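Chemist: Here is a sequence with its predicted model. Questions after.
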Amino acid sequence: MIEASLDPKLLNTLKGHKDQITSVHFHPQGYVLFHFRKQIVSGSNDSMVFVWNLNSTGSVYKYIGHKDAITDVKFSPIGNQIASASKDETVKLWTNNSEGNSITIKAHNAPVRSVNYSYDGHLLLTASDDKTLHIYKT
């Protein structure tokens with residue numbers, strides 16, 4: 001039985017996406033290059049990736065570039081890069097900064113449902129409706 005004192009407490013509500021949110025992920029490290037970073041990343045059916053900076057007023061980086069819904073988002077193990085999977089059959093690798101530069105991988109022949117980095121960040125795994133997994137060296 002869970003005690004009432006262990007119930008989660010709502011701390012904040014973040015708004016900005018224009019359609020359903022499909023994926024979220026916490027920044028993997030509290031300290032990055034001697035700067036405290038409290039960030040989360042979210043992906044949505046609005047085709048945008050948002051990086052929310054929680055140590056300020058919830059300010060956000062908006063990354064625009066996918067042509068269809070985002071299905072998954074993940075920070076790299078050190079948090080300097082974000083991978084986003086999309087129904088547009090691509091994966092984008094975004095630089096985690098205000099510019100949000102990206103490279104696009106034409107990953108599959110059907111919507112890409114999931115992305116994940118290896119523990120050391122040297123590999124990227126993608127999964128698709130085309131019934132395949134792809135492993136990329138990053």
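Modeler: Looks like it arrived, so ask away. All values reported here derive from a predicted model rather than from experimental measurement.

Chemist: Could you report the neighbour count for Pro111?
Modeler: 18 (other Cβ atoms under 10 Å). Placement of C-beta: from N, CA and C, glycine included.

Chemist: can you check the one 10 residues further on too?
Modeler: One way to gauge burial is a neighbour count; for Gly121, by other Cβ under 10 Å, it gives 16.

Chemist: With Ile40 instead?
Modeler: Per other Cβ under 10 Å, the neighbour tally for Ile40 reads 17.

Chemist: Next: Leu93.
Modeler: With other Cβ under 10 Å as criterion, Leu93 counts 18.

Chemist: buried set for the strand or helix carrying it?
Modeler: Element membership of Leu93 [criterion: DSSP states H and E] is strand 90-95. Neighbour counts over strand 90-95 (16 or more other Cβ atoms under 10 Å) mark Thr90, Val91, Lys92, Leu93, Trp94 as buried.

Chemist: Please apply the same query to stretch 114-125.
Modeler: Ser114, Val115, Tyr117, Gly121, Leu124.

Chemist: How far off centre is that stretch?
Modeler: 12 Å (Cα atoms, centre = their mean, to the nearest Å).

Chemist: how about low-confidence regions in this structure?
Modeler: Scanning the chain with the threshold set as pLDDT under 70 gives 1-5, 30-37, 56-58.

Chemist: which residue ranges form the strands in it?
Modeler: With strands called from DSSP state E, the chain shows them at 21-26, 31-32, 35-36, 39-44, 48-53, 59-64, 70-75, 81-86, 90-95, 102-106, 112-117, 123-128, 133-137.

Chemist: Single out the most deeply packed of the ones you listed.
Modeler: strand 81-86 (a mean of 26; mean count of other Cβ atoms under 10 Å).

Chemist: Which strands or helices does that one pack on?
Modeler: strand 39-44, strand 48-53, strand 70-75, strand 90-95, strand 112-117 (3 or more Cβ pairs under 8 Å, 6 or more residues apart in numbering; DSSP states H and E).

Chemist: Please enumerate residues in contact with stretch 73-83?
Modeler: Stretch 73-83 is contacted by residues 23-29, 32, 37, 39, 41-43, 49, 51, 63, 72, 84-85, 91-96, 115-121, 124, 138 when judged by Cβ atoms under 8 Å, 6 or more residues apart in numbering.
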